[in-house]
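Trainee: mind looking at a prediction? Sequence and model below.
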Amino acid sequence: FLPLIFILLWSSAFITTKPIIDFSDPFAALSFRFFIVAIGFYLFSVYSKQKLLGDLNNILPSISTGILFHGFYLGGVFYSISIGLPTGIAALIVTLQPVLTNALAGPILNEKITWKKWLGVFLGFVGASLVIGFDIGKTLPLAGVLAAFISLISVTSATLWQKKISNNLPLSTSNMYQAIGGFLFHLIIIIFFIQKPFINFSSTFIIAMSHQILLVSFGAFTILMFLIKKNSASKTVSIFFLIPPTSAIMAWVFLGENLSKIDIFGFMIATFGVYIATREKD
């Protein structure tokens, strides 16, 4: 059930991203988020008597993964949406991750990428595309598109790097250092590039941020790290194709957005594609 829980939690983040950037600078919000997340994982590690310090060969890779996941990836997504890139377009660009990961997992991780996995990836992308769709008439901000592609490259690199590295840190401690990496990345962005960072701690912001801290950073991200450790990188990222369709369904339920027959058909195709790509037997 972990992949299912991950999909639900990770998809729900798209519902609360817009309320957050409506009341804050995206980098200030992410810096605040991962400051709290780092403290949370620190307290949990202390409470569970996990090892906090260790060899730099273990700590630095975790920090670097956090910079890729929490820094470049989330920073690119938040920034692209904040300057006007539609959430659906940003999600579709990032959804290319399983395609890119499958292409690179073979030469980098020596994983066997079968034709069935490629078929599953293709069906997953087709299904996600049908759900999200493109509004060709809209003018997309170039900076937003570039930021979304930086997010794509970053999350793919982070997944492959996380699978390739091996350290002796407990999961909660590793997540703490990853959150520290994300916090430091966004803090540097604020110091050198943002003239007037701000956060309006309205009730809407607090609720949306609490959701992303508790359910996404503590919940979904921990599950993702566990899945990457236990499964192949190509198999793990295939479930990402279910995130845009699931987000669309959540938007229909909670925000009253339309869900057409094509959306439902696309969700079914994406589900079947993920099933093919993640089956134990090839």
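Mentor: Received, thanks.

Trainee: how far away is Phe34 from Ile264?
Mentor: According to CB to CB, to the nearest Å, Phe34 and Ile264 sit 36 Å apart. For glycine as for every other residue, the C-beta is placed from the backbone atoms N, C-alpha and C.

Trainee: give me the more crowded residue out of those two.
Mentor: For Phe34 versus Ile264, the count of surrounding residues by other CB atoms under 10 Å is larger for Phe34: 26 against 14.

Trainee: so the more buried one makes contact with Val216?
Mentor: No - using CB atoms under 8 Å, Phe34 is not in contact with Val216; the gap is 11.4 Å.

Trainee: ok, and for stretch 161-181, which residues are buried?
Mentor: Going by neighbour count (16 or more other CB atoms under 10 Å), the buried part of stretch 161-181 is 161-163, 167, 169-170, 172-181.

Trainee: among the residues you listed, which are in helices?
Mentor: 161-163, 172-181 (DSSP state H).

Trainee: tell me the secondary structure at the residue of the chain most remote from its centre.
Mentor: Distance from the C-alpha centroid of the chain peaks at Lys49, with 28.5 Å (CA atoms, centre = their mean). In three-state terms, and counting by DSSP: H, G, I helix; E, B strand; the rest coil, Lys49 is coil.

Trainee: roughly how far does it sit from Ser62?
Mentor: In terms of CB to CB, Lys49 sits 19 Å off from Ser62.

Trainee: same thing with Gly120?
Mentor: Gly120 sits 30 Å away from Ser62, going by CB to CB.

Trainee: again, but for Thr101
Mentor: 20 Å.

Trainee: the two: which has the busier surroundings?
Mentor: For Thr101 versus Ser62, the count of surrounding residues by other CB under 10 Å is larger for Thr101: 28 against 24.

Trainee: ok but that one is inside a helix, no?
Mentor: Yes - judged by three-state DSSP, Thr101 forms part of a helix.

Trainee: pretty sure it contacts Trp161?
Mentor: No - in this structure, Thr101 is not within contact of Trp161 by CB under 8 Å, at 11.4 Å.

Trainee: next, Ile199: phi, psi?
Mentor: Dihedral pair for Ile199: phi -140, psi 130, per degrees, to the nearest 10.

Trainee: dig out what it forms beta bridges with.
Mentor: The residues listed as beta-bridge partners of Ile199 by DSSP bridges are Ser24.

Trainee: how many neighbouring residues does it have?
Mentor: 15.

Trainee: how about it, what does it touch?
Mentor: By CB atoms under 8 Å, 6 or more residues apart in numbering, the residues touching Ile199 are Phe23, Ser24, Asp25, Ala28, Ala29, Phe32, Phe205.

Trainee: so where do the helices sit in the chain?
Mentor: 2-22, 26-47, 56-66, 74-82, 87-94, 97-109, 115-132, 142-164, 171-193, 203-211, 221-230, 233-237, 243-254, 261-278.

Trainee: export these as TSV, with columns for mean pLDDT.
Mentor: Shown next, in TSV, are the helices of the chain (pLDDT from 0 to 100):
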stretch	mean pLDDT
helix 2-22	86
helix 26-47	95
helix 56-66	86
helix 74-82	90
helix 87-94	72
helix 97-109	67
helix 115-132	69
helix 142-164	83
helix 171-193	93
helix 203-211	95
helix 221-230	82
helix 233-237	66
helix 243-254	74
helix 261-278	70
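
Trainee: Phe78: neighbouring residues, count only.
Mentor: Phe78 is flanked by 24 other residues according to other CB under 10 Å.

Trainee: wait, doesn't it sit right on Ala28?
Mentor: No - look at Phe78 against Ala28 with CB under 8 Å: they stay out of range, at 10.2 Å.

Trainee: how about Phe198, nearest residue that isn't a chain neighbour?
Mentor: Asp25 (5.4 Å; CB to CB, 6 or more residues apart in numbering).

Trainee: residues touching the one you found, list them.
Mentor: Listed by CB under 8 Å, 6+ apart, the contact partners of Asp25 are Ser82, Ile190, Ile194, Lys196, Pro197, Phe198, Ile199.

Trainee: nice, that's everything, thank you.
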